[in-house]
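> quick one, what's the 3D model for this:
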Amino acid sequence: MDALASYTGLEFAKWVLAPGKWAASRVSSFWDRYVYFVGVREENDSLRASLAEATQELGLLREKAAEAERLARILTIRPPVGWSRQGARVISHRLGPNAALETVLLDKGALDGLEVNTPVTGPDGVIGRLLRLSPTAATVLLVTDPNSRIPVTSQKNRTQGIIKGEGANREMVVQYVALGAPLEEGELLVTSGLEEIFPKGLPVARVTEVGRKGPSLFQTVYAEPLFDARRLEEVALLAKNPQEGRVQAEPGPGGVAEQKEPVADPVSHSLSVKVAPPDPSGRAPGLAPPRPAPAPGTERKKPPRSGP
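Next up is the predicted model:
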């Protein structure tokens with residue numbers, strides 16, 4: 001009986017304790033997995049935050065790299081002799097499809113030394129000229145605007161004309177190109193400098209079509225601009241140096257100052273200095289010539305003084 005009771009007690013203890021131990025192990029395993037998943041979730045959240053920060057930083061670095069490339073292209077613009085260059089940012093484009101003019105707005109104005117008709121260029125060529133000014137902003141009239149007209153010369157054949165804008169997303173027209181004047185498709189048109197606003201030799205457009213329509217006395221010429229107005233972000237402004245055109249005087253032979261006056265160079269359309277030749281007598285320019293000495297024997301004699 002004692003053996004049977006002992007056997008029965010052991011079995012009862014087994015069936016009572018085993019489920020409790022199993023339940024405890026399941027609870028402990030569930031808790032461990034919960035703690036593990038919480039740690040994994042926190043680590044994932046941290047990794048996601050780091051990835052978002054790295055992505056944002058990469059975007060900023062790419063933007064800075066693109067800006068540095070654009071500014072480097074602006075710095076490659078070398079102003080002609082007698083001109084200086086300064087940069088400006090485009091802060092607004094043509095507002096709406098029904099805007100009256102093809103313009104962009106810059107972040108510099110009269111306080112930066114700008115003036116109306118200041119030439120505006122880019123790495124590829126002429127963009128326009130300043131139309132209106134405020135103390136800290138300026139409006140640029142683009143070459144594609146119908147109110148823009150620039151005297152141009154073909155770079156290869158030296159055929160002259162006046163290029164006129166026709167509006168956004170339309171080819172420009174080159175007017176007053178005489179019949180028989182040599183001009184080729186793909187030829188580059190540059191400023192001629194005749195209007196005394198743009199320096200001579202700046203690229204403006206490229207010829208796309210040359211032909212003749214009707215009984216006109218001029219050829220029909222179309223050209224495309226060298227820039228995309230929708231992608232403008234930085235531009236270069238050209239200004240004449242203040243010392244250009246000043247009257248200068250330098251000592252000539254014998255210490256006499258030679259008068260110099262600015263004149264227009266027919267080739268470069270820039271101001272040059274014309275030197276007045278020195279007088280052989282050494283007089284300063286503008287003085288009356290000396291009275292010639294009387295010939296011998298022709299001097300007037302004074303009458304003799306009468307006595308008292």
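
> for the closest residue to L133 other than its chain neighbours, give me its contacts.
Nearest-residue entry for L133: A110, 4.8 Å, with adjacent residues in sequence omitted and distances by CB to CB, 6 or more residues apart in numbering. (C-beta placed from N, C-alpha, C; glycine too.) Residues near A110 by CB atoms under 8 Å, 6 or more residues apart in numbering: 133-135.

> can you flag the buried ones in the residues you listed?
Among the contacts of A110, the ones that count as buried by 16 or more other CB atoms under 10 Å are L133.

> and the contacts of A110, which is closest to E195?
Comparing the contacts of A110 against E195 with CB to CB picks out L133 as the nearest, at 19.5 Å.

> what ranges does the chain have for its helices?
Taking DSSP state H as the criterion, the chain carries its helices at 2-75.

> gap between the residue nearest to L133 and S50?
48 Å (CB to CB, to the nearest Å).

> wait, P119 sits on E196?
No - using CB atoms under 8 Å, P119 is not in contact with E196; the gap is 10.9 Å.

> if you count what's nearby, which of those two comes out ahead?
Using other CB atoms under 10 Å, the more surrounded residue of P119 and E196 is P119, with 24 against 11.

> list of residues touching stretch 232-246?
Contact with stretch 232-246 is made by 67, 70-71, 74, 77, 79-80, 82-90, 93, 104, 106, 108, 113-115, 118-122, 127, 130, 140, 199, 262, 270-271, as judged by CB under 8 Å, 6+ apart.

> ok, the residue nearest to L133 to L71 distance?
According to CB to CB, A110 and L71 sit 24 Å apart.

> can you check E234 too?
Separation of E234 from L71 (CB to CB): 6 Å.

> identify the contacts common to those two.
Jointly contacting E234 and L71 under the rule CB under 8 Å, 6+ apart are G87.

> hmm, A168 and H93 touching each other?
No - in this structure H93 lies outside contact range of A168 using CB under 8 Å: 10.3 Å.

> got any residues that touch both of those two?
With CB under 8 Å, 6+ apart, H93 and A168 have common neighbours A229.

> which of these two has more neighbours?
H93 (17 against 14).

> identify the bridge partners of the spatially closest residue to T121 that is not a sequence neighbour.
Nearest non-adjacent residue to T121, counting by CB to CB, 6+ apart: A236, 5.1 Å away. When bridges are called by DSSP bridges, A236 pairs up with G87, T121.

> gap between A236 and E115?
According to CB to CB, A236 and E115 sit 15 Å apart.
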